[in-house]
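> whatever this is, show me its structure:
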Amino acid sequence: MSFDHIAPIYNIGENIFFGNQLNLARTVFTDELMNSHSVLLLGEGRGKFLQELLAINHNCSVTIVDSSSRMIRYQKSKVSKANFDRVNFHCVSIETFSTNQKFDLICSFFFWDCFTVQQINKLVPSCSTLLLTKGLWITSDFIDLMNHKNYVNYFKIRLLYLFFHLTTGIRAWRVEPFRNFAQENGLRLLKTDETKKNFICTELYQKII
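Below you'll find the model as predicted:
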């Protein structure tokens, strides 16, 4: 799986398909972002959220895990010289990432939709060990349901999966609800925010064990 080929057009595609909806979902829990000290970002696209996080939180350190070297180059271009020492970039897959550091906030925005249920079952437990007890986890993803309120979005998601399957080699074909995996790994749901179009869901969890 590699996002290198689509990195140059990633933001263009996001803006055409979704406008500002994805970015609004990433920043819905602003208080939690402002009060965090050590943040782990799982995938970060071209760095738009990273830029906003550094602007609203002047004290946090950020660790980014992203398997795309081209995405990381774009991310670095969003960081000012004054903030560069606050960000650690790891160009590795999440499967091979390793660190002794513990974080008080993990963010996974439109990240788990790239993985199959079998992959998520392995990755969520290992990622949760990186979170401090009472630490927070914010995740956003699409609501992948077929019903009378969501059929247009459902087919839009199917087109997106076809595109990403052909261009990046992802193995997943549907969005697996993160809530199922969170509850099995000591994460308690604190808050939920959904778009009015029943399309995107952002959830805030806390590690309780």
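> contacts, neighbours, all on C-alpha from now
OK.
> what is the longest strand along the chain packed up against?
In the chain, with assignment by DSSP state E, the single longest strand is strand 131-142. For strand 131-142, the elements it packs on are helix 21-26, strand 103-109, strand 200-207, judged by 3 or more C-alpha pairs under 8 Å, 6 or more residues apart in numbering; DSSP states H and E.
> could those be laid out in a markdown table, adding mean pLDDT and distance to L53?
A markdown table is the format used below for the helices and strands packed on strand 131-142 (pLDDT from 0 to 100; distance: least, C-alpha to C-alpha, whole Å):
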| stretch | mean pLDDT | distance to L53 |
| --- | --- | --- |
| helix 21-26 | 91 | 10 |
| strand 103-109 | 98 | 11 |
| strand 200-207 | 97 | 16 |
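> what's whatever helix or strand comes next after the longest strand of the chain in contact with?
As assigned by DSSP states H and E, the chain's next helix or strand after strand 131-142 is helix 151-168. Contacting residues not belonging to helix 151-168 are listed as 1-6, 142, 144-146, 170-174, 199 [C-alpha atoms under 8 Å, 6 or more residues apart in numbering].
> measure stretch 97-104 end to end?
Stretch 97-104 has an end-to-end distance of 18 Å (criterion: C-alpha to C-alpha, to the nearest Å).
> list the buried residues of that stretch.
Going by neighbour count (16 or more other C-alpha atoms under 10 Å), the buried part of stretch 97-104 is K102, F103, D104.
> next: stretch 179-194.
F181, A182, N185, G186, L187, R188, L189, E194.
> what is the lowest-pLDDT residue among the residues you listed?
Taken together, the buried residues of stretch 179-194 show their lowest pLDDT at E194, with 90.
> gap between stretch 105-121 and the chain center?
Mean-position distance between stretch 105-121 and its chain equals 7 Å (C-alpha atoms, centre = their mean, to the nearest Å).
> tell me the span between the first and last residue of it.
End-to-end distance (C-alpha to C-alpha), stretch 105-121: 20 Å.
> what's it in contact with?
Contacts of stretch 105-121 (C-alpha under 8 Å, 6+ apart): 26, 36-44, 131, 135-142, 170-176, 178, 181.
> which among those count as buried?
Buried, going by 16+ other C-alpha under 10 Å: 26, 36, 38-44, 131, 135-142, 170, 172-176, 178, 181, out of the contacts of stretch 105-121.
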